[in-house]
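Undergrad: Could you look at this predicted model? Sequence included:
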Amino acid sequence: MNRRFFLGGAAAAAVIANAEALAQASSKTDSIEDKPASKEPPGKWQVQFPELVMAAAPVENSTGVSDRYAPFVAYLSRELGTKVSLRIVNDYAAIVEGQRSGNIHIAHYGPSSYARAWLVTNGGVEVFATFLAADGSQGLYPVLFVRSDSPYKAIADLKGKNLCLVDPNSTTGNDGPRFSMDKLGINPEEFFTRVVYAGSHENALIAVRQGTCDGAYSWWSSEQDSMALRMAKQGVLRADEFRIIERADIIPTPPFAVLTSLPEGLKAAIRKAFLDAQEKDGAAVNRLWGGQYVGFKAATQQDYQSSIELLRFVDRLRRRHT
């Protein structure tokens, strides 16, 4: 019997259309903030926006996100001359709804969740920057992890087994894997006994380790950086406990986006603060991702057009099953 399970209360993609449910998800946040320390007199937009909210969905537990972002939030507050607060939401759908309602000014998305936000807001969000990888990688690959001591050598070996995905709006943890499996002629809901949404990349790998799932999709960017390697550095698990048996097409590096409706001067200031961050506060940038990224680079809508096409593909698939 084909069944889909959710771990950790992850929101379904259809929730995006339900503003009330998403508003509740958006309100369940952890928050850190920093007061501005700019010596410059406030400009017109600084008076209009005495506080800016930046949001991120956790790829690990929310405490880790707060710790990583705290120095960067402080840096942004200093550079922009206005208070910046970090809102850690339960999932990407809550970020989409937060920007659609105008409550989140700056957002860290996955490529797919940015595409979703751009579509549901009718262009009401715009990408402005993405990470600059230390190893020169240009994006992330959705990869299928299994336990290294398992007998599985290819995705075909997992037929009738349990698969962990991450979140309905995750690019590397859901949309990319589904696109890849479709190319292989695999319908996950029919091919696997269970499809489980783990709620985070960390939870997905832990589920494989514990045997809840036989395989799990997460991300890999290079031999020096992957979700498994990051968790190993944190002491959560050992990287050699896992093997990769499938790799999908590359996904662009996760973007940062602002509300299109923000004043042009404010958008330019935010963009400049991100692009100058490595030079002005390299320690804060290094803290964000443990030195795996060496700053930010400019990004445009065109860079994520392929993500929009991928999302449209996924939406077509979902409509077939409704």
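TA: That came through, no problem. Because the structure is a prediction, the values reported are computed rather than measured.
Undergrad: Can you dump the C-alpha atoms of the longest helix along the chain in PDB for me?
TA: Counting by DSSP state H, the longest helix found in the chain is helix 62-80. C-alpha atoms of helix 62-80 as PDB (Å, rounded to 0.1, in the frame of the first residue of the first chain):
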ATOM      1  CA  SER A  62      16.900  26.000  14.900                       C
ATOM      2  CA  THR A  63      19.500  26.600  17.700                       C
ATOM      3  CA  GLY A  64      22.300  26.000  15.200                       C
ATOM      4  CA  VAL A  65      20.700  28.400  12.700                       C
ATOM      5  CA  SER A  66      20.600  31.100  15.400                       C
ATOM      6  CA  ASP A  67      24.200  30.600  16.400                       C
ATOM      7  CA  ARG A  68      25.400  30.800  12.800                       C
ATOM      8  CA  TYR A  69      23.400  33.800  11.800                       C
ATOM      9  CA  ALA A  70      23.800  36.000  14.900                       C
ATOM     10  CA  PRO A  71      27.100  37.700  13.900                       C
ATOM     11  CA  PHE A  72      25.800  38.300  10.300                       C
ATOM     12  CA  VAL A  73      22.600  39.800  11.600                       C
ATOM     13  CA  ALA A  74      24.700  42.100  13.800                       C
ATOM     14  CA  TYR A  75      26.800  43.100  10.700                       C
ATOM     15  CA  LEU A  76      23.700  43.800   8.600                       C
ATOM     16  CA  SER A  77      22.300  46.000  11.400                       C
ATOM     17  CA  ARG A  78      25.500  48.000  11.500                       C
ATOM     18  CA  GLU A  79      25.700  48.400   7.700                       C
ATOM     19  CA  LEU A  80      22.100  49.300   7.100                       C
END
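Undergrad: Okay, buried residues for it please.
TA: Going by neighbour count (16 or more other Cβ atoms under 10 Å), the buried part of helix 62-80 is 62, 65-66, 68-80. C-beta: built from backbone N, CA, C; applies to glycine.
Undergrad: Over to stretch 148-166?
TA: If you call a residue buried by 16+ other Cβ under 10 Å, then stretch 148-166 has these buried ones: 150, 152, 155, 158, 161-166.
Undergrad: That one: end-to-end distance?
TA: Terminal residues of stretch 148-166 lie 20 Å apart, using Cα to Cα, to the nearest Å.
Undergrad: With pLDDT and distance to residue 228 added, can I get the buried residues of stretch 148-166 in JSON lines?
TA: Shown next, in JSON lines, are the buried residues of stretch 148-166 (pLDDT from 0 to 100; distance: Cβ to Cβ, whole Å):
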{"residue": "150", "pLDDT": "97", "distance to residue 228": "14"}
{"residue": "152", "pLDDT": "98", "distance to residue 228": "16"}
{"residue": "155", "pLDDT": "98", "distance to residue 228": "18"}
{"residue": "158", "pLDDT": "98", "distance to residue 228": "18"}
{"residue": "161", "pLDDT": "98", "distance to residue 228": "19"}
{"residue": "162", "pLDDT": "98", "distance to residue 228": "19"}
{"residue": "163", "pLDDT": "98", "distance to residue 228": "17"}
{"residue": "164", "pLDDT": "98", "distance to residue 228": "13"}
{"residue": "165", "pLDDT": "97", "distance to residue 228": "16"}
{"residue": "166", "pLDDT": "96", "distance to residue 228": "14"}
